[in-house]
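Chemist: generate coordinates for the sequence data below:
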Amino acid sequence: MRRALALFCLVAAPTVAGAETPGRLVVLGFDGVDARMTESLLQQGKLPHLAALADRGGYARLAPTTPAQTPVSWATFTTGRDPGGTRIFDFLRRDPANYLPTFAVAEEGTRVFLLGRHNRAAAAAVAAMVLFLVALVGAAALRRRRPWLHALPLLAVGGVLGWLVGAWLPASLPSVTSRRSGTPFWEVAGKHGIGATVARIPVTFPATPFDHGHLLSGLGVPDLRGRIGSPAFYTSDPFFQAGTDNEFSVEIVHLPGREGAIRTVVIGPQNKLFATPPRLEIPLVIQVASDRRSATLTVSGHSVRVGEGEWSPWVELVFPFNPLVKAHGLARFKLLSLNPEVKLYLAPINFDPRFLPPGFEVSAPRGWAAELFEALGPFKTVGWAIDTWTPSEKITDEVTFMEDIDHTVSEFRGLLRAFLDGRDRLLVHYFEFTDRVGHILWRCLDPQHPAYDDTRAAEFRAMVERSFVLMDDIVGEVMAKLGPQDVLVVLSDHGFSTWRRSFHINTWLAREGYIALSGGTSRIENLENLFDRGEFWPNVDWRRTRAYHLGLGGLYINLAGRESQGIVAPGEEYERLRRELAARLEAVVDPATGQHPVSRVFLREQVYRTFDPQLIPDLIVTTSEGYRLSWQSALGGMPEGLFEDNDRVWSGDHCTLDPDVVPGVLFSSVPLKRRQLSMVDVYPTLLGLLGLPSPEHVIGQPFL
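Modeler: A predicted model of the protein is given here:
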């Protein structure tokens, strides 16, 4: 009864404008829904709800941003600015002072906690005074002579106890600041008294409070380890190795045995509060049943029995920094196998929304995520909610991947249903599963893909189509709950295509003399180096380097006066080098295919109206269909050879493709005024549907 009452209060509370408006605006975002695939399935009659929506209103392809990347496009959707204006132009950005990569979405820092380095002394003083006053009052009540003399010993005791307890207080706390510029359209709506519920949109972390609204953050929220998503794999196989040099930095834990009680640890977050130990760990006991059909997992005071091939329920994981400070997480295990070796998978650990660290805002208001948890049950808080890392390393298979998708979508559909029962005039909700399926299973659609396998394709090809049908089912459920005055908009940020070949652009830059090396080519880079601030560019001689690539398409000139060791003079030398690089890259030919891997190289001013010249790449490299710039190129790596077959599970992509190759989709229950649509047009269109004018900075034009 209390749960039902909490749910009713959560979703049914009226907003300022909700009861007065003639209709609602519901916006559903689906990541990575490809226009060509959508149109094919529409023609086959497999997307009946989207077809009905198009018949009622309209459908058109939606041009993504340049580059066609998830955080980039959704930041433009949110603010109406192009990537130069949002300052979200890639997954990664570089620091011109040291050339090191960092995440583009948010910046991590520190903030003083209470009195900072004086916390311990303050705790001692407060404890001493409290005990002294208590003793003083007690002595006075007992009418002792000179009560202060009786209280003095407790003054010392309190000081000692406070000094000891004060050691458990950190001097500083981690802080996170969004790097996105621009005003979200829901904040504009809130200022005009329009209630809004916004869920899971990328680049909304940390969550910012706004008038008359609720926000649940999406992509950008890290897992408990501070990663975009860091799963773990436990195995008793002493010879196990990840499939691709573990570029995605899955935690590999080798077990000391395969029978009875196997003692190991769950690896937790870095110890950014006290430094020692450098990373937190908690004990995990895997008790293998005598019949080897199940195992009991004991961790953080909880025991769960899991059968072979089964998932555990949500498990609470508590990592103590000390007796006073703890990090609380939620995760699920899957017992992959017990025969012949133990294989246990631990999904990325989510922050428990009931016990969030100070300043870690996954929702606005801050307590809303906890209210959702109490009313609707557990849900993932990590922004990249579906694990693509372990299947990419061939640690888990397609079945586990799809099970994770089904579980994740079910949780977020539950949230959507609750939001639909609310009264906010504006509802914006995002799903990521369509994108993740494309990344992992696109090889099953492409017989020419190096990782294509007839058997797996026959078994899992339908899963790609199934993800589109699932999207259509969600749209149908929403349509059934809307009235005739309500407006529904469904859109995706970009499309998808096959990724058959990788181009190592930094290797090309080195071979052509644009990057100068003091030694051999660089080592293999991985995400661990990025997250843990490892060494990058170890063999680059910056005093002789003219250009370098970082991220997914960002090409930078080593510009004097901007880069710390820049050598290219601003002005004519800079412009000449940019034109030269663009022309030469577009002329590169892959000898194995005879094709040009690079489609177009844009000068930044060709695609961005305004930008920070210190921040934005000097050129944006986009690739032809079938090609992508390599993972190693994204992190500054320079493997041997210019090209490489992509024989990996991560087989579909969009990140560096020419935007013309990967258009997204837009459906509306209101007829379209035109069919040439771009992501920058969505912002003024949505404000117009709410009866609001667009701010002066807006680039796009309304189409509804």
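Chemist: all contacts plus neighbour counts: C-alpha atoms, from now on.
Modeler: Will do.
Chemist: quick check: Thr86 touching Ala75?
Modeler: Yes. If you go by CA atoms under 8 Å, Thr86 and Ala75 touch, sitting 6.5 Å apart.
Chemist: so what sits against both of the two?
Modeler: Arg180 (CA atoms under 8 Å, 6 or more residues apart in numbering).
Chemist: these two: who's more crowded?
Modeler: Taking neighbours as other CA atoms under 10 Å, Thr86 and Ala75 compare with Ala75 leading, 31 against 22.
Chemist: so that one is in which element?
Modeler: If you go by DSSP states H and E, Ala75 is part of helix 70-79.
Chemist: downstream neighbour of that helix in the secondary structure list?
Modeler: That would be, after helix 70-79 and using DSSP H and E, helix 83-86.
Chemist: by contact count, what packs against that next one?
Modeler: Packed against helix 83-86 by the contact rule (3 or more CA pairs under 8 Å, 6 or more residues apart in numbering; DSSP states H and E) you find helix 70-79.
Chemist: can you do 6 Å?
Modeler: Under the contact definition 3 or more CA pairs under 6 Å, 6 or more residues apart in numbering; DSSP states H and E, helix 83-86 sits against no other helix or strand.
Chemist: use 16 as the first number from now on
Modeler: That works, and once the first residue is 16, the last one we named lands at helix 98-101.
Chemist: any idea of the mean pLDDT in the next helix or strand after that helix?
Modeler: Heading C-terminal from helix 98-101, the first helix or strand you meet, by DSSP H and E, is strand 107-109. For strand 107-109, the mean pLDDT works out to 94.
Chemist: before we move on, back to that, contacting residues around the helix holding Ala90?
Modeler: Helix 85-94 has contacts (CA atoms under 6 Å, 6 or more residues apart in numbering) with 80, 97, 103-104, 197-199, 217, 508, 698.
Chemist: repeat that for stretch 703-719.
Modeler: Against stretch 703-719 from outside (CA under 6 Å, 6+ apart): 95, 687-688, 695-696, 699-700.
Chemist: make a ChimeraX selection of whichever of these turn out to be buried.
Modeler: Restricted to buried positions by 16 or more other CA atoms under 10 Å, the ChimeraX selection for these reads:
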select :95,687,695,696,699,700
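Chemist: can I get stretch 612-631 as CSV, trimmed to CA atoms?
Modeler: C-alpha atoms of stretch 612-631 as CSV (Å, rounded to 0.1, in the frame of the first residue of the first chain):
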residue,chain,number,x,y,z
PRO,A,612,38.7,5.4,-46.5
VAL,A,613,38.2,9.1,-45.9
SER,A,614,35.1,10.6,-47.3
ARG,A,615,35.4,14.3,-46.4
VAL,A,616,37.6,16.4,-44.2
PHE,A,617,35.9,19.5,-42.9
LEU,A,618,37.5,22.7,-41.8
ARG,A,619,35.8,23.5,-38.5
GLU,A,620,34.4,26.8,-39.7
GLN,A,621,32.6,24.9,-42.5
VAL,A,622,30.4,23.0,-40.1
TYR,A,623,30.3,25.2,-36.9
ARG,A,624,28.9,28.7,-36.8
THR,A,625,30.7,29.6,-33.6
PHE,A,626,33.4,27.8,-31.8
ASP,A,627,36.3,28.2,-29.3
PRO,A,628,39.5,28.1,-31.5
GLN,A,629,41.5,26.8,-28.4
LEU,A,630,39.2,23.8,-28.0
ILE,A,631,37.6,22.7,-31.3
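Chemist: report the distance from that stretch to the chain centre.
Modeler: 24 Å (CA atoms, centre = their mean, to the nearest Å).
Chemist: ditto for stretch 581-600
Modeler: On CA atoms, centre = their mean, the centre of stretch 581-600 falls 34 Å from that of its chain.
Chemist: only the buried residues of that stretch, if you could.
Modeler: 581-583, 589, 592-593, 596-597, 600.
Chemist: count of neighbours near the residue nearest to Asp252 when sequence neighbours are not counted?
Modeler: Once flanking residues are discounted, Asp252 sits nearest to Glu356: 5.9 Å by CA to CA, 6 or more residues apart in numbering. Glu356 has 16 neighbours, counted by other CA under 10 Å.
Chemist: likewise Arg194?
Modeler: 18.
Chemist: do the same with Arg51
Modeler: For Arg51, the count of nearby residues is 18 (other CA under 10 Å).
Chemist: and if you look at the one 4 residues further on?
Modeler: The tally of other residues near Ser55 (other CA under 10 Å) stands at 12.
Chemist: ok, Ala69 - contacts?
Modeler: Residues in contact with Ala69, defined by CA under 6 Å, 6+ apart, are Phe682.
Chemist: am I right that it sits in a strand?
Modeler: No. Residue state for Ala69 (DSSP: H, G, I helix; E, B strand; the rest coil) corresponds to helix; a strand is not indicated.
Chemist: for the protein, what helix or strand is lowest in average pLDDT?
Modeler: helix 17-27 (a mean of 44; mean pLDDT, DSSP states H and E).
Chemist: buried stuff in the longest helix anywhere in the chain?
Modeler: Using DSSP state H, we find that the single longest helix of the chain is helix 469-496. Buried residues in helix 469-496, counted by 16+ other CA under 10 Å: 472, 475-476, 478-480, 482-491, 493-494.
Chemist: how does this protein divide up, domain by domain?
Modeler: Domains of the chain are assigned by automatic domain parsing as 16-99+195-236+398-510+694-719, 129-184, 515-675.
Chemist: how far away from the center of its chain is the longest one?
Modeler: So that's domain 16-99+195-236+398-510+694-719. Using CA atoms, centre = their mean, the offset of domain 16-99+195-236+398-510+694-719 from its chain centre is 15 Å.
Chemist: now the last one
Modeler: How far domain 515-675 lies from its chain's middle: 23 Å, per CA atoms, centre = their mean.
Chemist: what about that domain, average pLDDT?
Modeler: Domain 515-675 carries an average pLDDT of 92.
Chemist: that one spans what distance, first to last residue?
Modeler: By CA to CA, to the nearest Å, the extent of domain 515-675 from end to end equals 18 Å.
Chemist: adding pLDDT, write the contacts of stretch 703-719 out as TSV.
Modeler: Shown next, in TSV, are those (pLDDT from 0 to 100):
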residue	pLDDT
Gly95	97
Leu687	97
Lys688	95
Val695	98
Asp696	98
Pro699	98
Thr700	98
